[in-house]
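Visitor: I'd like to go over a predicted model; first the sequence, then the structure.
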Amino acid sequence: MDLRAALEHDPAAKSALEIVLTYNGFHALVLYRVAHFFHVRGFRLLARMISSVGRFFTGIEIHPGAKIGYGVFIDHGTGVVIGETTEIGNNVTIYQGATLGGTGKETGKRHPTLESGVMVSAGAKVLGPITIGRNAKIGAGSVVLHDVPANATVVGVPGVVVRLNGERVDDLDQCLPDPIEDKICALEKRIQELEARLAEAENKNNG
């Protein structure tokens with residue numbers, strides 16, 4: 001299923017053999033599944049050693065304790081980090097530089113849960129024991145610290161939902177808007193309004 005996912009999601013893939021021989025995301029998943037096999041059977045040191053070998057050769061770090069479904073595609077995966085208590089459903093796509101990590105404060109379940117069909121774009125950071133709902137999309141470079149509902153699109157730092165079930169949740173014009181820029185624009189507009197009112201009050205006083 002992992003191999004099929006790579007063939008389906010990457011238009012650059014010409015054959016299954018090419019993926020098996022050259023795709024570091026596929027290699028990382030294979031080594032993770034071997035490491036996870038030993039991890040759940042109590043061979044924790046061996047599992048971590050296999051994980052370290054995988055990180056060395058692929059540039060992708062997946063803790064053997066993570067729970068990962070099938071049909072997962074890690075595209076150009078260098079820099080991807082998946083923490084110990086992360087849970088990933090089926091048919092999830094993760095792009096380069098994404099982090100599924102903790103905030104450093106929790107114990108126990110401290111990494112995110114990604115339900116099936118989720119896409120995490122390049123450089124995104126999904127942090128803490130939060131849940132990303134089925135078929136949600138995390139925009140490139142976003143930092144997500146709170147739960148995301150199913151079928152939502154999240155962008156920004158911190159991440160906010162800008163689309164839900166294919167519909168915009170505001171009047172923004174872009175498919176992946178910048179919520180920080182929108183807030184700055186709103187502040188600039190408010191400053192202009194206050195400056196105009198202040199100038200009007202000064203004119204009245206001078207008059």
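Guide: Happy to help now that I have it.
Visitor: which ones are touching Ser116?
Guide: Residues in contact with Ser116 (C-beta atoms under 8 Å, 6 or more residues apart in numbering) are Gly69, Gly89, Asn90, Asn91, Val92, Arg134, Asn135. (C-beta placed from N, C-alpha, C; glycine too.)
Visitor: beyond the helix or strand of the chain with the lowest mean pLDDT, next helix or strand please.
Guide: Every helix and strand in the chain was compared by mean pLDDT, DSSP states H and E; the lowest is strand 167-168, with a mean of 65. Downstream of strand 167-168, the first helix or strand assigned by DSSP states H and E is helix 179-206.
Visitor: give me the beta-bridge partners of the residue positioned nearest the centre of the chain?
Guide: The centre of the chain sits closest to Val120, judged by C-alpha atoms, centre = their mean, with a distance of 3.5 Å. Val120 has the following beta-bridge partners by DSSP bridges: Ile94, Ile138.
Visitor: does Phe37 sit in a helix, a strand or a coil?
Guide: helix (DSSP: H, G, I helix; E, B strand; the rest coil).
Visitor: how about the one 5 residues further on?
Guide: Classification of Gly42 by three-state DSSP places it in coil.
Visitor: what's the burial count for it?
Guide: 9 (other C-beta atoms under 10 Å).
Visitor: next, give phi and psi for it.
Guide: Phi and psi for Gly42, reported as degrees, to the nearest 10, are phi 90, psi 0.
Visitor: and the gap between it and Glu202?
Guide: Separation of Gly42 from Glu202 (C-beta to C-beta, to the nearest Å): 77 Å.
Visitor: what's the answer for Ile62, then?
Guide: From Ile62 to Glu202 the distance is 63 Å (C-beta to C-beta).
Visitor: what does Glu18 give?
Guide: Per C-beta to C-beta, Glu18 is found 71 Å from Glu202.
Visitor: returning to that earlier point: quick check: pLDDT value at the residue nearest to the centre of the chain.
Guide: In this prediction, Val120 carries a pLDDT score of 94.
Visitor: quick one: it from Val157, how far?
Guide: For Val120 relative to Val157 (C-beta to C-beta), the value is 15 Å.
Visitor: give me the mean pLDDT for stretch 104-113.
Guide: Here the average pLDDT along stretch 104-113 is 84.
Visitor: mind listing what the residue nearest to the centre of the chain touches?
Guide: Val120 touches Val92, Thr93, Ile94, Tyr95, Ala98, Leu100, Leu114, Val126, Ile132, Ile138, counting by C-beta under 8 Å, 6+ apart.
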